[in-house]
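J.: Turn this into a structure:
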Amino acid sequence: MTRKKRIGILTGGGDVPGLNSVIKSVTHRAAEHGWAVTGVRRGFEGLTHVNLDDAASKARYLTELTRENTRTIDRTGGTVLHSTRVGPSRVKHLPEHLKDKPWPKKETSGGTAYDLTEQVLVNLERIGIDALVAIGGDGTLKSAAELSRRGVRVIGIPKTMDNDVQHTEYCIGFSTAITRATAAIDRQRTTCGSHERIGIFRIFGRDAGFTALYSAHATSNRCVIPEFPVDLDKLMSLLLAEKRENPSNYALVILSEGASWHGYEPLEYGPPDILGRRKKASVAQVLNDEFYRRTGEECIVSDLTYDLRSGDPDFIDKLVAATFGTMALEAIFEGRGGLMSSVVDGKYDLVPLPPPDLGARKVDVPSMYNTDRYRPLYSNKRGMPIFLNPVKRMG
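T.: Just a heads-up that it's a prediction; the model follows:
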């Protein structure tokens, strides 16, 4: 008998709303074409750490996905497959059954990183996975690109509330993050107004300012993004003037996690991860302290980070996620690989997986950010794609 073709699917990195919609879309479309689907649990850890000779390990890391057990998963956020930030070439802790082998390794500021890419290739073959759908952000898609280079048929699906993956104008999770941020910021206007304070909101965005910028765009507020360090005295002057002119005597500003100003060195804490990155201290709290030190003005600080990636997806994230999943399946059925579902010029497309060394996509400051007023640019949008920052069409 002919072996049934099999697709593997995994989610890596931080969770966002919409992941389950991709998983359901892939599973249901695959079933319609007679393909089986294996869900790889806990991201790439499921392919680096699974011991295929141990039933308990297989149960921990692999699960058969069907139309029946994925029927309702798109109604909730998170990922039913769970997630980690493990990458095949940056494994920090070797599983017991692999500790006696001489794996390639390198020393990083975050410790020893083992390269288990060869083990992933072996496991994919033993599981019988003919094509892999990898849903994730920069780290996950880097790993997908490397596996593609090594001969694995991989289709990537971009997800991150930061919306900073190269080669696409949209990543799953972004719309829901903006929807949540808008609601939270607008709710807190009453508190800021009641106490006549400046509200400072911190939002994810280590390398790119899309989430803060779009939240500011939707709520008509000022923002500070990583792409443009501001003049702190000028920012404070603008906020104080806005506060005085507001009948309710308050003003708001939204900061990306990686926001900065001239002379500011981001504070970090905690041990580094395997990539050498440490957690950043809250830039919002630092701004609050500077505000009080320089002006005596008391502020209200709100951290809107993890709440924006939690809970159910909104309409756009459900729609895009399901479509991205279907596009990935269509590419697989055509025998294609090394591609990523994307939005280019406001239209769905398939593009090459971003090269691993390309880094994060950045806000185009001249067309999107008013560097004099520290606000989004609202005018001259005719002809722009709906997500405003067009990408160059690839391949």
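
J.: pLDDT below threshold where in the protein?
T.: By pLDDT under 70, the low-scoring segments of the chain are 1, 274-275, 393-395.

J.: centroid residue for it?
T.: Taking CA atoms, centre = their mean, the centroid of the chain lies closest to residue 160, which sits 1.8 Å from it.

J.: Next up, phi/psi of that one, please.
T.: Torsion angles at residue 160 (phi, psi; degrees, to the nearest 10) stand at phi -180, psi 140.

J.: just checking, it touches residue 138?
T.: Yes. Using CB atoms under 8 Å, residue 160 makes contact with residue 138 at a distance of 7.4 Å. For glycine as for every other residue, the C-beta is placed from the backbone atoms N, C-alpha and C.

J.: Between the two, which contacts overlap?
T.: residue 13 (CB atoms under 8 Å, 6 or more residues apart in numbering).

J.: which is the next helix or strand following the helix ranked longest in the chain?
T.: Across the chain, the longest stretch assigned as helix under DSSP state H is helix 174-195. Going down the chain from helix 174-195, the next helix or strand is strand 198-203, by DSSP states H and E.

J.: now the angle from that next one to helix 174-195?
T.: In terms of direction (axes from the mean of the first three to the mean of the last three CA atoms, to 10 degrees), strand 198-203 departs from helix 174-195 by 160 degrees.

J.: got the contact list for the helix or strand just after strand 198-203?
T.: For strand 198-203, the following helix or strand on the C-terminal side (DSSP H and E) is helix 210-219. Contact partners of helix 210-219, identified using CB under 8 Å, 6+ apart, comprise 161-164, 174, 177-178, 181-182, 185-186, 201, 203-205, 221-225, 252, 254-256, 259, 308, 363, 368-369, 375-376, 378, 389.

J.: Show me where the stretch 251-395 of the chain has its helices.
T.: With DSSP state H, counting those that start in this stretch, the ranges of helices along the stretch 251-395 of the chain come out as 283-295, 315-333, 365-368.

J.: Write the ChimeraX selection for whichever of the contacts of helix 210-219 are buried.
T.: Applying 16 or more other CB atoms under 10 Å to the contacts of helix 210-219, the buried members can be selected in ChimeraX as follows:
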select :161,162,163,164,174,177,178,181,182,185,201,203,204,205,221,222,223,224,225,252,254,255,256,259,308,363,368,369,375,376,389
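
J.: Got the domain ranges for the chain?
T.: With domains defined by automatic domain parsing, the chain comprises 6-172+313-352, 177-308+365-376.

J.: and of those, who's closest to residue 383?
T.: For residue 383, the closest of the domains of the chain is domain 6-172+313-352, at 10.2 Å, according to CB to CB.

J.: Report how far apart the opening and closing residues of the closest one are.
T.: Start-to-end span of domain 6-172+313-352 (CA to CA, to the nearest Å) is 22 Å.

J.: before we move on, what about stretch 50-65?
T.: 18 Å.

J.: With stretch 52-63 instead?
T.: Stretch 52-63 end-to-end distance (CA to CA) = 13 Å.

J.: Tell me the buried residues in it?
T.: 57, 60-63.

J.: Next, the buried residues of stretch 295-308.
T.: Residues of stretch 295-308 classed as buried: 299-302, 304-305, 308 (neighbour count, 16+ other CB under 10 Å).

J.: same deal with stretch 242-261?
T.: Neighbour-count burial for stretch 242-261 [16+ other CB under 10 Å]: 242-243, 250-261.

J.: and what of stretch 68-78?
T.: 70, 73-74, 77-78.

J.: before we move on, the earlier item: could you dump the buried residues of stretch 242-261 into a markdown table and include distance to residue 328?
T.: Converted to a markdown table, the buried residues of stretch 242-261 look like this (distance: CB to CB, whole Å):
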| residue | distance to residue 328 |
| --- | --- |
| 242 | 46 |
| 243 | 48 |
| 250 | 46 |
| 251 | 44 |
| 252 | 39 |
| 253 | 39 |
| 254 | 33 |
| 255 | 35 |
| 256 | 30 |
| 257 | 30 |
| 258 | 30 |
| 259 | 34 |
| 260 | 37 |
| 261 | 41 |
